[in-house]
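> my questions are about this predicted structure, shown below with the sequence.
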Amino acid sequence: MRRIGILTSGGDAPGMNACIRAAVRTALAHDLAIVGIRRGYTGLIGADTIPLDRAAIRNTIHLGGTILETSRNPDFYTRDGRLRAAAAIERMGLDGLVLIGGEGTFHGASLLAADADTAALVGVPGSIDNDVYGTDYCIGFDTAANCAVEAIDRIRDTARSHERLFFIEVMGRTTGFLALESGIAGGAEELAIPEEQVSVARMSERIREGFSIGKKSAIVVVAEGKTPGISFHLAREVKKHLDFDSRVVVLGHLQRGGPPTLRDRVLGSLLGVAAVEALLEGRSGCMVGEVGGELAYTPLEETWQKKKPLNEDLRRIFTILSD
Ligand code: F6P
């Protein structure tokens, strides 16, 4: 192993820069040359690189987004696109590649490995959705969840002052990880997540009961699911059962930006070092994550083929605490 590349792909996530920085420092400490590939799989297909040395990653640990930029490239889902990427990897003279991203990134990487005998591939989970199998937490989740909690706290002030019901929609794609943890931390009254059937009648009844025993506000945290903006629909449905003054707030991309939290900087650093060390140990076709406080190596196919379950204890306590 003499020369490696690193890229970020899919949605950016705070802490990706901490991971890039850690990978670069680890590579340099082992006399490995490292290049950055710009704009995810788009840059990989085009062999679009930037040199990465100590100066390039200086003062980046606190920055959100990704200094390498990112993309979601549909060409990578075609065999032709992947063969062009494999040829570019060869032209760039890479022996190994670190891929920071989520399910879609690892799906693409597995297909690439099946299509071509290419450089060793090691993934690092970076996604605010936290939906990647093989790691307890993905880089970026903690920052996004903290952003959502801050939003809930702020909305609670105004909700309480007007005795209102708020629907706060968070990201998370088809999973409820962000909604569940931010809902617990924000003391939300109700949760609507894609993993569960929502009963509008039961939700409305619980909200009514809450106000009847003296609550001055109610917050429903809604996971966007497959249909961003779904909270407007839910609010309309609840209104049919409950004629309360209500408002909808969709947090959207606010949750993806901003400086990474301590946890995301530490997780990004840990996994950035581990990814380069994994390449040096001769690993390939796997993602390095953290499970139960230990590093865990999961085959790339499993990271997107297996469904990561919600933490059942957290789901259970939400119901107890939201009463
Ligand atoms: O996967 C990260 C994520 O932020 C999801 O939570 C969200 O559904 C999606 O990306 C939004 O994608 P885009 O930035 O392309 O609008």
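Done, it's in.

> how does the chain divide into domains?
The chain resolves into domains spanning 3-140+260-305, 141-256 when parsed by automatic domain parsing.

> pLDDT score for the closest residue to the ligand within the stretch 151-300 of the chain?
Relative to the ligand, the nearest point of the stretch 151-300 of the chain is residue 171 (3.2 Å; C-beta to the nearest ligand atom). Using the backbone N, CA and C atoms, a C-beta is placed for each residue, glycine as well. For residue 171, the pLDDT comes out at 98.

> ok, now residue 243?
Per the predicted model, pLDDT is 88 at residue 243.

> got the phi and psi for it?
Torsion angles at residue 243 (phi, psi; degrees, to the nearest 10) stand at phi -90, psi 70.

> re the thing from before, distance to residue 311 added to the domains of the chain, as TSV?
As requested, these are exported to TSV (distance: least, C-beta to C-beta, whole Å):
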stretch	distance to residue 311
domain 3-140+260-305	9
domain 141-256	8
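
> tabulate those domains (CSV), appending mean neighbour count.
Output for those, formatted as CSV (neighbours: other C-beta atoms under 10 Å):
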stretch, mean neighbour count
domain 3-140+260-305, 21
domain 141-256, 19
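
> isn't the residue of the stretch 151-300 of the chain closest to the ligand up against residue 254?
No. Using C-beta atoms under 8 Å, residue 171 makes no contact with residue 254, being 9.4 Å away.

> for residue 29, see how far away residue 111 is.
32 Å (C-beta to C-beta, to the nearest Å).

> mind listing the strands in the chain by residue range?
3-8, 33-37, 49-51, 96-101, 120-125, 165-170, 190-192, 218-223, 246-250, 286-291, 294-299 (DSSP state E).

> so how far is the last one from its chain's centroid?
The one in question is strand 294-299. 17 Å (C-alpha atoms, centre = their mean, to the nearest Å).

> if you skip the residues just before and after it, what's nearest to residue 291?
In space, and not counting its chain neighbours, residue 291 is closest to residue 136: 5.6 Å by C-beta to C-beta, 6 or more residues apart in numbering.

> okay, which residue is most central for the protein?
Centroid-nearest residue in the chain, with C-alpha atoms, centre = their mean: residue 127, separated by 1.7 Å.

> quick one: residues contacting that residue.
By C-beta atoms under 8 Å, 6 or more residues apart in numbering, the residues touching residue 127 are 10, 11, 13, 101, 102, 103, 138, 139, 140, 141.

> give me that answer again for 6 Å
Residues in contact with residue 127, defined by C-beta atoms under 6 Å, 6 or more residues apart in numbering, are 13, 102, 138.

> does residue 249 touch residue 167 like I think?
No. Residue 249 is beyond contact range of residue 167, at 7.3 Å (criterion: C-beta atoms under 6 Å).

> contacts for the biggest helix by length in the chain?
Looking across the chain with DSSP state H, the single longest helix is helix 141-162. Here helix 141-162 makes contact (C-beta under 6 Å, 6+ apart) with 14, 128, 130, 166, 170, 178, 181-182, 185-186, 216-217, 251, 255, 260-261, 263-264.

> quick revisit: quick check: the residue nearest to the centre of the chain vs residue 35, distance?
Taking C-beta to C-beta, one finds residue 127 at 24 Å from residue 35.

> again, but for residue 175
According to C-beta to C-beta, residue 175 and residue 35 sit 33 Å apart.

> same thing with residue 198?
On the measure of C-beta to C-beta, residue 198 and residue 35 end up 47 Å apart.

> near the ligand, which residues of the stretch 51-200 of the chain are found?
102, 127, 128, 129, 171, 172, 173 (C-beta under 6 Å from any ligand atom).

> change it to 5 Å
By C-beta under 5 Å from any ligand atom, the residues of the stretch 51-200 of the chain that approach the ligand are 129, 171, 173.

> my read: residue 278 touches residue 123, true?
No. Counting by C-beta under 6 Å, residue 278 stays clear of residue 123, with 9.7 Å between them.

> what's the closest non-adjacent residue to residue 46?
residue 88 (6.9 Å).

> quick one: pLDDT of the one you found?
Residue 88 is given a pLDDT of 98.

> that one contacts residue 43, doesn't it?
No. The criterion here is C-beta under 6 Å, and residue 88 misses it with residue 43 at 9.0 Å.

> returning to that earlier point: who are the contact partners of the residue of the stretch 151-300 of the chain closest to the ligand?
Contacts of residue 171 by C-beta under 6 Å, 6+ apart are 224, 255.

> before we move on, the earlier item: name the nearest residue to the residue nearest to the centre of the chain, ignoring sequence neighbours.
Sequence neighbours aside, residue 102 is the residue nearest to residue 127 in space, at 3.4 Å (criterion: C-beta to C-beta, 6+ apart).
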